[in-house]
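Colleague: dropping the sequence and predicted coords here.
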Amino acid sequence: LVFALDGLAEDGIRLIIDAVEGGIAPQDVISRVIIPAQREVGEMWHRNEISIAQEHLVSNTTSDLLAIIAARFAVQPDKERRVIVASVAGNPHEVGIKATAALFRLAGWQTVSLGTDLPPKEIAGAVEYFDAGVVVLSAVLPTHMSAIRETIEAVREINSRCGILVGGRTFDMAIGLWKEIGADAHCPDLDSVVDMAAHLLAAKRN
């Protein structure tokens with residue numbers, strides 16, 4: 001975080017890559033270092049301790065780092081385990097969804113990362129086109145609920161066998177909301193997202 005804020009992104013990235021090459025699991029680096037650092041940046045911005053430019057600098061460094069980790073340490077994907085990861089319409093937050101996609105790639109899933117702010121029909125169309133077994137949807141704010149509900153309905157119309165896993169701050173604060181909007185499961189943290197998707201995929205197939 002300090003390296004990134006000082007404009008030394010390459011040094012910060014090297015610090016993390018060296019740690020992974022030294023034996024720390026890349027999944028642990030993502031969930032216990034990168035994402036907590038990103039949350040701290042958000043809190044610093046809300047406290048007016050850093051500028052918008054600095055916040056963007058750290059977020060862009062984080063995105064670059066996640067891409068490097070996923071590319072360098074991912075294992076051969078299993079085509080029988082295909083997941084789509086996306087943020088629903090109106091949700092521009094990208095770091096969480098990129099971290100999620102990286103974790104799936106590290107676990108050997110064939111991962112289709114659609115990015116942020118996707119309309120319901122686009123996500124549903126991707127589920128059909130790629131024949132995904134699981135779709136992971138991110139919604140951060142209460143204002144995203146309408147979009148995520150519409151997305152779930154659109155996916156169900158196209159592929160009733162696709163498991164739908166949701167995550168984001170709003171679901172963490174509202175217990176049971178994921179059931180109300182029609183999702184199959186809610187993931188409260190990145191540590192469990194891959195395991196939950198695996199269980200969901202197996203349940204849907206059975």
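Modeller: Done, it's in.
Colleague: for residue 167, grab phi and psi.
Modeller: Dihedral pair for residue 167: phi -160, psi 160, per degrees, to the nearest 10.
Colleague: contacting residues for it?
Modeller: By Cβ atoms under 8 Å, 6 or more residues apart in numbering, the contact set of residue 167 is 96, 100, 136, 137, 138, 186, 187, 188, 193. (Glycine included, C-beta is placed from N, CA and C.)
Colleague: among the residues you listed, which are in strands?
Modeller: Using DSSP state E, 136, 137, 138, 186 are the members of the contacts of residue 167 that sit in strands.
Colleague: contacting residues for the closest residue to residue 143 other than its chain neighbours?
Modeller: Closest residue to residue 143 apart from its sequence neighbours, by Cβ to Cβ, 6 or more residues apart in numbering: residue 90 at 6.4 Å. Contact analysis of residue 90 by Cβ under 8 Å, 6+ apart lists 117, 141, 143, 144, 147.
Colleague: so residue 90 sits in a helix?
Modeller: No. Counting by DSSP: H, G, I helix; E, B strand; the rest coil, residue 90 falls outside a helix, being coil.
Colleague: what pLDDT is listed against it?
Modeller: As predicted, residue 90 sits at a pLDDT of 89.
Colleague: next: the one 4 residues further on.
Modeller: Listed pLDDT for residue 94 reads 88.
Colleague: for residue 190, same thing?
Modeller: We have a pLDDT of 89 for residue 190.
Colleague: contacts only, for the residue lying closest to it once chain neighbours are set aside.
Modeller: The shortest distance from residue 190 to any non-neighbouring residue, by Cβ to Cβ, 6+ apart, is to residue 31 (4.5 Å). Neighbour list for residue 31: 99, 103, 189, 190, 191 [criterion: Cβ under 8 Å, 6+ apart].
Colleague: mind checking which of the residues you listed are buried?
Modeller: Buried members of the contacts of residue 31, counted by 16 or more other Cβ atoms under 10 Å: 99, 103, 190.
Colleague: how about the CA coordinates for stretch 165-172, as CSV?
Modeller: Provided in CSV are the C-alpha atoms of stretch 165-172 (Å, rounded to 0.1, in the frame of the first residue of the first chain):
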residue,chain,number,x,y,z
LEU,A,165,-23.8,-17.2,-6.3
VAL,A,166,-24.0,-13.6,-5.1
GLY,A,167,-21.7,-11.4,-3.0
GLY,A,168,-21.1,-7.8,-1.9
ARG,A,169,-21.5,-5.5,1.0
THR,A,170,-25.3,-5.2,0.8
PHE,A,171,-25.7,-9.0,1.2
ASP,A,172,-23.4,-9.0,4.2
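Colleague: chain center to that stretch: distance?
Modeller: For stretch 165-172, the separation from the chain centroid amounts to 11 Å (computed by Cα atoms, centre = their mean, to the nearest Å).
Colleague: just stretch 132-146 next, same as before
Modeller: That offset, for stretch 132-146, works out to 10 Å (Cα atoms, centre = their mean).
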